[in-house]
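Dropping the sequence and predicted coords here.
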Amino acid sequence: MGDSKEGGAESPPAGAAAREGLSLLSQGESEEPSAQGSALFLGGNEVKSRAVVKYSSAPPRTAFARLEEKTDLKLPPANWLRESAKLGPAGTTILGNSKKSKPFSSFGMAYDFIDSVGNDVDVVSDSENIKKLLKIPYSKSHVSMAVHRIGRTLLLDELDIQELFMRSSQTGDWTWLKEFYQRLIDQKWQRKKKSKEHWYQKAILSKFLYYSINGDGAAQPVPSAAEQQESSSSDQTNDSDGASWPAPFEMPSSVSEDPSASSQGSEPLEPSYILGHVASAPKEQNLTTLFNDGENSQGLKNDFVRNILWTFEDIHMLVGSNMPIFGGGRYPAVSLRLRDNNKPINVLTGIDYWLDNLICNVPELVMCFHVNGIVQKYEMIKTEEIPNLENSNFSTKVIKDIAQNILSFLKSNCTKEGHTYWLFKASGSDIVKLYDLTTLCEETEDKYQNPFTMPVAILLYKVACNMMMKKNQNKKHYGTIRTLLLNCVKLLDKSRHPQPSCTFPVCHDTEERCRLVLSYVLEGLKSVDSSIKKESDLPAADPNTPIPLKYEDESTRGGPEGLEKQMALFLDKMGSLQKGNYSSQSGMIPGSWQHKMKLQLILKSSKAYYVLSDAAMSLQKYGRALRYIKLALQSHDTYCCLCTNMLSEVLLFLSQYLTLCGDIQLMLAQNANNRAAHLEEFNYQTKEDQEILHSLHRESSCQGFAWATDLSTDLESQLSVSCKCYEAANEILQFSDLKSQNPEHYVQVLKRMGNIRNEIGVFYMNQAAALQSERVVSKSVSTAEQQLWKKSFSCFEKGIHNFESIDDATNAALLLCNTGRLMRICAQAHCGAGDEFKREFSPEEGLYYNKAVDYYLKALRSLGTRDIHPAVWDSVNWELSTTYFTMATLQQDYAPLSRKAQEQIEKEVSEAMMKSLKHCDVDSVSARQPLCQYRAATIHHRLASMYHSCLRNQVGDEHLRKQHRVLADLHYSKAVKLFQLLRDAPCELLRVQLERVAFAEFQMTSQNSNVGKLKTLSGALDIMVRTKHAFQLIRKELVEEFDQPKSDESTPAADSSPSLNREEVVKLLSIFESRLSFLLLQSIKLLSSTKKKTSSNTEDDAVLKTNKQIYSQLLRATANKNAALLERIDILVHLLDQLARGGGGVQ
């Protein structure tokens, strides 16, 4: 754009024949015949036009009354200047042409059709302004228009310089523009008076239209001269009023709170705010009347009879029109014109008629010709024929080019939103100039003297609000919304208009933008606070002194018990909010604009701090997150003090804030190692936050949520605070039926309540286990332990209820599993009483272990099937198996013989072991499979040992002895098979095999025949041979230990198996050597004895020889007491190989 003070931007908006790029087409040059012969209406080859009526206040169309020839239009009809049923209550306004355009007419339309502004529409204007622009190349008349840009939309309004300067001479306004005009454009400016001919033509046009709607054509006698003068002056007055210019806008001292004062175009103040986490602000609290008084006082209403969305070629325009349209009979829609038969139609008139019909979608024109007011004839003309009328021939293509060029010129030069541009063409000149009046005005003493400032600011704000209301487009248009609001704020003088300057922050989901929001909030709060009259009554506060975020040790607050009282006070306060209690410290009047503005700003600050807290939480900056959520809750506490009617949406925000606060406290509890860093972040405070807090402290103590936001050093306290936050969030959801309205949030709150109760239950359970480990074995259970059990159990029980109420079977199962673990800890606590040697499995142990089993079974029933959650299902099964196994092991090792018979104990042990085996999955491949295999092998080993022991101690019942023998052999075999699958259990495998040998030896003692004994011996030696695998595993581990560098001994590989117990290996090796020696000796004796009694047997001889050799080598090896462990193992492996090759005792 050119220099706004001197020349402005100059351009010839016409298309075809501009000279030197500056001057416009003259009238004579433009009157060329159309190449097509005629302009087609609606989609023709030459121009494309489409009109859609968006709004109309006109009554249904009626046929016009065709006046008889010789009717005298100088005589007034009977209905002249009266309201007519056919016209509706608007009276003469509906006829329109006598009424000049208002200076802010485009703004009235823009307010009513806010959806179209900024994006879809190129131009908003009165049809008269559109016609005036498109006639520029044909007309020598002056053009003066104000141009404003909102997004891609241009608003055009007539700028009546004569009327403006007439007012400035009386009020002193616009003097800066008058001086500029006289200096650069017209030094001898004077008011041009309209001729008598002008008023005469207006009068007969008015009478003609009234005749046309009267229908009977009857004329009344001519009124007196005084009456004529009165009616003439009435016309003049109306015209003057219509074009009157307002003084620079002044906002009233208080905004009207009457809802009826709201205009059609007003938009809610706060349509949308935070994305993802927080919903929009409640509409009931939006200040819909904020600008309305200003709109009405400025004449910003949409007074057009109809508003039309007119598409001319590729230009989209929202046009206001007051042209009367008649219809009915053969002519469904026609425009009616009065022409002097002595004056031919010129190009300007033809363009006027053609454009009016295009804009209003009227296919035909009816012209009534008169001579000196006497009707002569009527003529019907189709709209597409108008460009070809005699003496009025013009090219529609040139008009199209003019429109496109003018639009291009304006869009390329009117680039700044909020600025007022002046499009000016002097009378008789071909040069169009464009000036930036906003820049000129800013250089004056009062830069806010521009009367367009406030309407433009309102429109910028309303377009931004409209975009924010469309949630699906909010992210897409965030940059545009922000620009609109920033430009709006720039236009406002905060000292004159503190209300609107408070209302423009907009938020998004990033920390930078939230900080930007808070800067706007702070500006708004300062504007509100500075306008409150009772400032002198307030306590003085230094904005440079930080308000401390209290940091208290838990001991000063009374621990978790103190939370109960604070929660009760909080819930009582929440209940009182429903009753509309109001307690402002600053003396703000409820319902005043300051009150409404501060409520909105405080709510915005709380939302912004909430988003910042959530962002810090995701970055694991928990101290910072707690600081932000504390500020959010302090803002909300102040809001609660000021609010006279707490809305459900605001309560939902509070529930969300408390939920996040609970999350933060839980994470702080779980990350206690980094407490110093979290504390430093928590205590940090920006100057902006301090100033916002000072503004909040003008209204409230901001301590309503102190119980939730303190950073404690005690783990139990942090967990308790977290739990209370979730409980408070849940209580809030019960107040206004928010639970049913926000089911997703309700489910999330209950999940968190269940989770935190599980955390607290585990905390108390671990504390009880720690006390138990510190207790002397012989002492009984302490009261402290029992209290911890009760607290833990209560938390688990409540958590289970939370999860079950939302059908969360998986988490309910996990809590049931933890309750089972608690029961096992209770059982373990009762196992230490009495002397270890005299100890028996107590009834209390059995009671708690059986309770644990019940809870694990409930957990499995809760899950239903493994498919629901395989990992949880497997975990519960493992814990259940462990419980059965532990219970059976304790009964087996510490048999309660003082209370139960041996047979009963053996039966219970056997049943428990088999149940443990049932829930121990050895087949499924998983990380737990080796554990399951080891557990199953151990169960089989224990059962085999039990039946072995029964067999040794049992006398009599041969059937039962046989049954025990079979069961012992079966379980030994299964135990061996499972231990052989494991690489890290060679000692266990060796022990089982030795027990099997002992079992064979025991069986041999009851045998009488040598054949039977040899067979048993052969089986025992075969078992000995099969232990070779165990010795190989032991040897491998010993070699690895020997080869491993000593420096690495302290850091074994993560995947290596536990190191061997060398003492146990030595012990088992000695037993093995003695048993092998015994078996070989018995075998040699029996084979030798059999050989003497019977004839020679070659096979037996070979076995006897082999056994003697092995026995001899074994005796020599065992005689060497200094042999190393590895050497002894190598000798045994070698001997076992010989035994396997030589047949050993195998028959």
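Structure received.

contacting residues for residue 622?
Counting by CB atoms under 8 Å, 6 or more residues apart in numbering, residue 622 touches 616, 664, 667-668, 671, 678, 681. For glycine as for every other residue, the C-beta is placed from the backbone atoms N, C-alpha and C.

which of the residues in stretch 198-213 are buried?
Of the residues in stretch 198-213, those with enough neighbours to count as buried (16 or more other CB atoms under 10 Å) are 202-213.

what separates it from the chain centre, distance-wise?
Remark: stretch 198-213 is offset 63 Å from the chain centroid, using CA atoms, centre = their mean, to the nearest Å.

and what of stretch 636-647?
With CA atoms, centre = their mean, you get 24 Å for stretch 636-647.

What about residue 66, how many residues nearby?
For residue 66, the neighbour count with other CB atoms under 10 Å is 15.

so is it in a helix, a strand, or just coil?
coil (DSSP: H, G, I helix; E, B strand; the rest coil).

Quick one: neighbours of the closest residue to it other than its chain neighbours, just the number.
In space, and not counting its chain neighbours, residue 66 is closest to residue 378: 6.3 Å by CB to CB, 6 or more residues apart in numbering. Residues near residue 378, counting by other CB under 10 Å, number 14.

Let's have the contacts of residue 622 in a markdown table, adding distance to residue 889, neighbour count and pLDDT.
Shown next, in a markdown table, are these (distance: CB to CB, whole Å; neighbours: other CB atoms under 10 Å; pLDDT from 0 to 100):
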| residue | distance to residue 889 | neighbour count | pLDDT |
| --- | --- | --- | --- |
| 616 | 50 | 21 | 93 |
| 664 | 45 | 31 | 95 |
| 667 | 40 | 17 | 94 |
| 668 | 41 | 25 | 93 |
| 671 | 39 | 14 | 89 |
| 678 | 45 | 22 | 91 |
| 681 | 51 | 18 | 92 |
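
what would the residues you listed look like in a markdown table with distance to residue 454?
Supplementary listing: the contacts of residue 622 in a markdown table, determined by distance: CB to CB, whole Å:
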| residue | distance to residue 454 |
| --- | --- |
| 616 | 40 |
| 664 | 44 |
| 667 | 49 |
| 668 | 50 |
| 671 | 53 |
| 678 | 49 |
| 681 | 44 |
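
Could you dump those residues into a markdown table and include distance to residue 482 and secondary structure?
A markdown table is the format used below for the contacts of residue 622 (distance: CB to CB, whole Å; DSSP: H, G, I helix; E, B strand; the rest coil):
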| residue | distance to residue 482 | secondary structure |
| --- | --- | --- |
| 616 | 23 | helix |
| 664 | 29 | helix |
| 667 | 33 | helix |
| 668 | 35 | helix |
| 671 | 36 | coil |
| 678 | 33 | helix |
| 681 | 29 | helix |
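
Please identify which of those is nearest to residue 325.
Residue 325 has its nearest neighbour among the contacts of residue 622 in residue 616, at 63.3 Å by CB to CB.

Surely the closest one is in contact with residue 632?
No: using CB atoms under 8 Å as the test, residue 616 is too far from residue 632 to be in contact (11.6 Å).

Now residue 818: which helix or strand?
helix 809-829 (DSSP states H and E).

check contacts around the closest residue to residue 941 other than its chain neighbours.
The shortest distance from residue 941 to any non-neighbouring residue, by CB to CB, 6+ apart, is to residue 975 (4.1 Å). With contacts defined as CB under 8 Å, 6+ apart, residue 975 is in contact with 937-938, 940-941, 944, 992.

Doesn't residue 975 lie inside a helix?
Yes: Residue 975 sits within a helix when classified using three-state DSSP.

Helices of the stretch 651-800 of the chain, start to end?
675-683, 687-697, 706-709, 715-735, 738-741, 743-774, 783-805 (DSSP state H, counting those that start in this stretch).

how much distance is there from the last one to the middle of the chain?
Relative to its chain's centre, helix 783-805 lies at 34 Å (CA atoms, centre = their mean).

And the contacts of it?
750-751, 753-758, 760-765, 767-768, 771-772, 775, 809, 811-812, 815-816, 818-819, 822, 825-826, 829.

angle of it against helix 743-774?
160 degrees (axes from the mean of the first three to the mean of the last three CA atoms, to 10 degrees).

Mind giving me the packing neighbours of the helix holding residue 818?
Packing contacts for helix 809-829, counted by 3 or more CB pairs under 8 Å, 6 or more residues apart in numbering; DSSP states H and E, involve helix 743-774, helix 783-805, helix 843-863, helix 870-893.

Reformat those helices as CSV; add distance to residue 80 and mean pLDDT.
As requested, these are exported to CSV (distance: least, CB to CB, whole Å; pLDDT from 0 to 100):
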stretch, distance to residue 80, mean pLDDT
helix 743-774, 67, 93
helix 783-805, 78, 94
helix 843-863, 89, 93
helix 870-893, 91, 92
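
Can you tell me which of these is nearest to residue 606?
helix 743-774 (16.9 Å).

elements contacting the closest one?
Against helix 743-774 (3+ CB pairs under 8 Å, 6+ apart) you get helix 648-670, helix 715-735, helix 738-741, helix 783-805, helix 809-829.

repeat that with 7 Å
Helix 743-774 sits against helix 648-670, helix 715-735, helix 783-805, helix 809-829, with contacts defined as 3 or more CB pairs under 7 Å, 6 or more residues apart in numbering; DSSP states H and E.
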